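Visitor: Model the following, please.
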Amino acid sequence: MGGWTANDIPDLSGRRAVVTGANSGIGYHTALQLARHGASVVLACRSAERGQAAHDRIRAAAPGSDLTLGSLDLADLSSVRGFAARYGADPLHILVNNAGVMAIPRRSTADGFEMQFGTNHLGHFALTGLLLPALRAASARVVTVTSGFAWTGRLNFDDLQGERRYRKWTAYSQAKLANLVFAKELDRRVPELTSVAAHPGYAATNLQQTGPKMQGSALLEKAMGIGNALMAQSAAAGALPSLYAATADVEGGACYGPRLLQYRGAPAKVPAPPQANRHGERLWEVSEALTGVTCAPDPSARA
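Guide: Numbering: from 1, shown residues only. A predicted model of the protein is given here:
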């Protein structure tokens, strides 16, 4: 089956990009291909050691590439503010909100948020808002990575932090739906940008095994690894929807994923769950209140 590949990425010389979670999996391959096609890429990573290893691997695979390793912990708003202060001075053409955690036992961020909602959504919401002047200056493309689990998600505004009842997969689905709602609402609010969502389908990354590892379940961790080996497409293939969303001619507010049942295959525009078109303004207001970051002007900016 043919279709769009990384070879179709245009020359990105002169463009700056930030990729969160660029040290492994989908984020690594997204950063690699952006750098390989000429972009100046900031690898926004929580772990300096893993980030440096990814930096060195990309430099070896794309000699002469323009790479910078930046420290970013999305589970700590002070880290998000520090990163934005360091890398938000110059026009930023591409922001890929990629980093995330999946189906982990209940943990709290440095600011007291439930870890999945705090990292996957609130951290990226704050980062995008703080980088907004740099993004506006470049009429940027903002790609927020969601998941097929958004289809089962619901924004529970009565218990967003899972304080009354926490179920790890329910929390993950809610966070991934929030990513999708955010991408659509950002495109509506800020006409100077093109904001889209992307999801990788079923791609083999370390994300699937992190939750079982934190839970102390070696059996489930092994089962997830076997599932990745037998059924998942590669992380490089999983990065293609993000790369397509970041560099191709796309429709603002849309979602891009694998075209074969949103499971695997070449990237294409894919349907989003109906609940992705609801509660955009409310999520925005709650997110601004929780993070203290004012992310965009009046929602009437784009009807």
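Visitor: pretty sure Thr30 is touching Ala99, no?
Guide: No - applying C-beta atoms under 8 Å, one finds Thr30 not in contact with Ala99, separated by 10.9 Å. For the C-beta atoms, the positions are set from N, CA and C on the backbone; glycine is no exception.
Visitor: Tell me where the stretch 1-150 of the chain has helices.
Guide: Under the criterion DSSP state H, counting those that start in this stretch, the stretch 1-150 of the chain contains helices at 25-36, 48-61, 77-87, 115-116, 124-130, 132-137.
Visitor: Any chance of those in CSV with mean pLDDT as columns?
Guide: Output for the helices of the stretch 1-150 of the chain, formatted as CSV (pLDDT from 0 to 100):
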stretch, mean pLDDT
helix 25-36, 97
helix 48-61, 98
helix 77-87, 98
helix 115-116, 98
helix 124-130, 98
helix 132-137, 96
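Visitor: between the ones you listed, which one is nearest to Trp151?
Guide: helix 115-116 (16.7 Å; C-beta to C-beta).
Visitor: Give the burial count for the residue nearest to Ala236 when sequence neighbours are not counted, as a bare number.
Guide: Spatially, and ignoring its direct neighbours in sequence, Ala236 is nearest to His29 (4.6 Å; C-beta to C-beta, 6 or more residues apart in numbering). His29 is flanked by 26 other residues according to other C-beta atoms under 10 Å.
Visitor: For Ala272, see how far away His29 is.
Guide: 23 Å (C-beta to C-beta, to the nearest Å).
Visitor: Same check on Gly82?
Guide: Distance from Gly82 to Ala272, by C-beta to C-beta: 33 Å.
Visitor: Tell me which of these two has more neighbours.
Guide: Taking other C-beta under 10 Å, Gly82 and Ala272 do not tie; Ala272 has more neighbours (22 against 16).
Visitor: next one: phi and psi at that one?
Guide: The phi and psi values for Ala272, taken as degrees, to the nearest 10, are phi -110, psi 150.
Visitor: Low-confidence regions, the stretch 101-250 of the chain specifically.
Guide: By pLDDT under 70, the weakly predicted segments of the stretch 101-250 of the chain are 203-232.
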